[in-house]
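Chemist: Got a sequence here, can you build the structure:
(one chain, ligands or ions: 1)
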Amino acid sequence: MDVEIVGRMLSTLPPDDDHPYRTGPWRPQTTEWRADDLPVAGELPPDLDGVYLRNTENPLHPAIGRYHPFEGDGMIHLVGFRDGKAFYRNRFVRTDALLAETEAGESLWVGLAERADKGKRTDGWGARGHLKDSSSTDVVVHNGQVLSSFYECGDLYALDAMTLEPRGKADWHGAFPRDRGVSAHPQVDEHTGEMLFFNYNAKAPYLNYGVVDDKNRLVHYVPIELPGPRLPHDMTYTENYAILNDLPMIWDPGLMSRGMFLARFHPELPTRIGVLPRRGAASEIKWFSFDPTYVLHWTNAYEVGDEVVVEGFFQHNPEPSIAPDASYYERINRFISLDGFESRLHRWRMNLVTGECSEESLTDSITEFGMINAQHGGRAHRYTYAATGVPGRFLFNGLTRHDSVTGAEVHYSLADGVFGSETAVAPRPGAKSEDDAYLVTIVTDMNSDSSAALVFHAANIDDGPIARVELPERVSSGTHSTWAPGSDIPGWRDQSPAEAAARL
Ligand SMILES: [Fe+2]
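Modeler: Predicted coordinates for the structure are as follows:
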């Protein structure tokens, strides 16, 4: 391995830290690496060509009050595959807040679990208006650039898709909605080059929906009427429609007026799914009501005749009960462990002509963080690849492939002490079938204090990985990932990864 350290951030976290999401598999990284010619066990297919990207939370300073795992500083990991070889880069997302806290040498903003007025800075970003935008939730590639995002809305930070060098914030020719930001899960439609997004806020308008085209122009942006502030986390789309939602998980209004944000589930209210033409006026949205639940992530949507079909993860227990004397650490896990909220793959159907709708559970298996072959985004898909969770923790211990035609499921379990990340689908160039693809994930291996990227054949995950690529340092667990083919990355074939890094 040809490896060098290219950066290091100063951490002021105490050596005896005991927070479960700043230690163990969540131990933050502070070092930035360039590593080429990574050691490979097995064989990397030469036609695996592109980059796997993952966002992680890596807090540098003790939180003001309580720390929540989703507020740590964003760090993007890139594992690139080219000509049967692999390379690795990682970079902190140099957010405005990270730079301010680095200068101060301490945390300035409160996190998700604290009162707004406890912060040293009470300005800020996000749906609540006072949060630190840590850009640590999702990562997508749009128009050849990596974009990182924050789940309670913020800026989109751009990074080079080969080197991860910072490229500023998404600006959209001056039209980026700085007052509201963009929520975690913008959706890139490979067929049109568009990026669909939304933002939400505690103040009206509670939801805005927008479209950015393949020239980074904001070509559509409309407020969507909701009965009050909501906590939408994800959206999806079909060829012709954007799919938005109004879910009965609502900030407690009494607490909110006192600067505290606590989400409560309201089983007396329906789940509402909104179907809007992708460039439609707000008045064109059609709402359909379903059984109450919370959906953290949708997997896809598509059209069949007059119907719009949506798939995602239905939480069967959106507000898990907990002992009254539970510690804060136990309370954190309540809302973020898969077995706690019992998320199962689910399908909702909506007839746009008759207004009829129906829904069905697709499996008994508890999974989340599902990915499909993105070439099928907005079009009918067959396979979903999703994570299984460690009971009581936000950690992934395996991978399940769900066949939505037959209902069959195949599972691959990671070894004890080994934790995966969201697994991305890398279609083979010229593939003739949906699962003629590779899967890529990063594992955090506590047994060997190391990390690796694993590559699977999408059609045979139960055979285990076909290649294991060693990374220079153990990667912290984190949140979302994506795959971008080399053909989408400017300059991908013009120079080697090492040459690209040397030019910086
Ligand atoms: Fe998410």
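
Chemist: Spell out, range by range, the strands that occur in the stretch 151-300 of the chain.
Modeler: Listed in chain order, the strands of the stretch 151-300 of the chain (DSSP state E, counting those that start in this stretch) span 157-160, 166-169, 187-189, 194-200, 207-212, 218-224, 236-237, 241-246, 249-251, 263-265, 271-277, 286-290, 298-304.

Chemist: Of these, which is nearest Ala408?
Modeler: strand 298-304 (16.5 Å; Cβ to Cβ). Yep, even glycine has a C-beta here, placed from its N, CA and C like the rest.

Chemist: Can I get the strands of the stretch 151-300 of the chain in CSV including mean neighbour count?
Modeler: Shown next, in CSV, are those (neighbours: other Cβ atoms under 10 Å):
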stretch, mean neighbour count
strand 157-160, 23
strand 166-169, 15
strand 187-189, 22
strand 194-200, 24
strand 207-212, 23
strand 218-224, 17
strand 236-237, 26
strand 241-246, 25
strand 249-251, 20
strand 263-265, 15
strand 271-277, 21
strand 286-290, 17
strand 298-304, 22
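
Chemist: Just tell me which of those strands ends up closest to Leu454.
Modeler: Here strand 298-304 is closest among the strands of the stretch 151-300 of the chain (Cβ to Cβ), at 21.2 Å.

Chemist: distance from the centroid: which residue in the protein tops it?
Modeler: Farthest-out residue of the chain from its mean C-alpha position, per Cα atoms, centre = their mean: Thr354, at 34.5 Å.

Chemist: okay, now the nearest residue to that residue once chain neighbours are set aside: neighbour count?
Modeler: Nearest non-adjacent residue to Thr354, counting by Cβ to Cβ, 6 or more residues apart in numbering: Asp306, 7.3 Å away. Asp306 is flanked by 11 other residues according to other Cβ atoms under 10 Å.

Chemist: try Ala100
Modeler: Neighbours of Ala100 under the rule other Cβ under 10 Å: 13.

Chemist: quick one: average pLDDT of stretch 449-464?
Modeler: Averaged across stretch 449-464, pLDDT comes to 98.

Chemist: what is the residue lying closest to Phe341 once chain neighbours are set aside paired to in the beta sheet?
Modeler: If you skip the residues right next to it in sequence, Phe341 has Gln315 as its closest partner in space, 4.3 Å away by Cβ to Cβ, 6+ apart. Judged by DSSP bridges, the bridge partners of Gln315 are Ser343.

Chemist: Would you enumerate the residues in contact with Gln315?
Modeler: 293-296, 341-343 (Cβ atoms under 8 Å, 6 or more residues apart in numbering).

Chemist: again, but for Leu156
Modeler: By Cβ under 8 Å, 6+ apart, the contact set of Leu156 is 135, 147-149, 169-170, 176, 182, 186.

Chemist: any idea how far it is from Met260?
Modeler: 28 Å (Cβ to Cβ, to the nearest Å).

Chemist: quick one on the thing from earlier: nearest to Glu319 among the contacts of Leu156?
Modeler: The closest of the contacts of Leu156, once distances to Glu319 are taken by Cβ to Cβ, is Ser149, at 25.6 Å.

Chemist: what's the distance between the closest one and Pro186?
Modeler: 7 Å.

Chemist: which one of these two has more residues nearby?
Modeler: Neighbour count, other Cβ under 10 Å: between Ser149 and Pro186, Ser149 has more, with 28 against 21.

Chemist: can I assume the more buried one is in contact with Asp138?
Modeler: Yes - counting by Cβ atoms under 8 Å, Ser149 does reach Asp138; the two are 4.7 Å apart.

Chemist: all helices for this structure, in order.
Modeler: 96-104, 253-256, 328-336, 338-341, 497-502 (DSSP state H).

Chemist: quick one, which of these is packed in tightest?
Modeler: Using mean count of other Cβ atoms under 10 Å, the stretch among these with the largest mean neighbour count is helix 338-341, at a mean of 22.

Chemist: could you dump it to PDB, C-alpha only?
Modeler: Taking Å, rounded to 0.1, in the frame of the first residue of the first chain, the C-alpha atoms of helix 338-341 are listed here in PDB:
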ATOM      1  CA  LEU A 338     -33.800  -1.300  14.000                       C
ATOM      2  CA  ASP A 339     -35.300  -3.800  16.400                       C
ATOM      3  CA  GLY A 340     -36.600  -0.900  18.500                       C
ATOM      4  CA  PHE A 341     -38.700   0.700  15.700                       C
END
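
Chemist: what about it, distance to the chain center?
Modeler: 18 Å (Cα atoms, centre = their mean, to the nearest Å).

Chemist: what do you get for stretch 234-254?
Modeler: Offset of stretch 234-254 from its chain centre (Cα atoms, centre = their mean): 16 Å.

Chemist: How far does it stretch from one end to the other?
Modeler: In stretch 234-254, first residue to last residue: 26 Å (Cα to Cα, to the nearest Å).

Chemist: Also stretch 373-388?
Modeler: One end of stretch 373-388 to the other measures 19 Å (Cα to Cα).

Chemist: and what of stretch 371-380?
Modeler: By Cα to Cα, the extent of stretch 371-380 from end to end equals 14 Å.

Chemist: List of residues touching it?
Modeler: Here stretch 371-380 has contacts from 187-191, 236-239, 299-302, 304, 381-386, 422-425, 427, 434-435, 437, 458, 481, 483, using Cβ under 8 Å, 6+ apart.

Chemist: try it again with 6 Å
Modeler: Stretch 371-380 is touched from outside by 189-190, 237-239, 299-300, 302, 381, 384-385, 423-425, 427, 434, 437, with contacts defined as Cβ atoms under 6 Å, 6 or more residues apart in numbering.

Chemist: Give the rounded mean pLDDT of it.
Modeler: The model assigns stretch 371-380 a mean pLDDT of 98.
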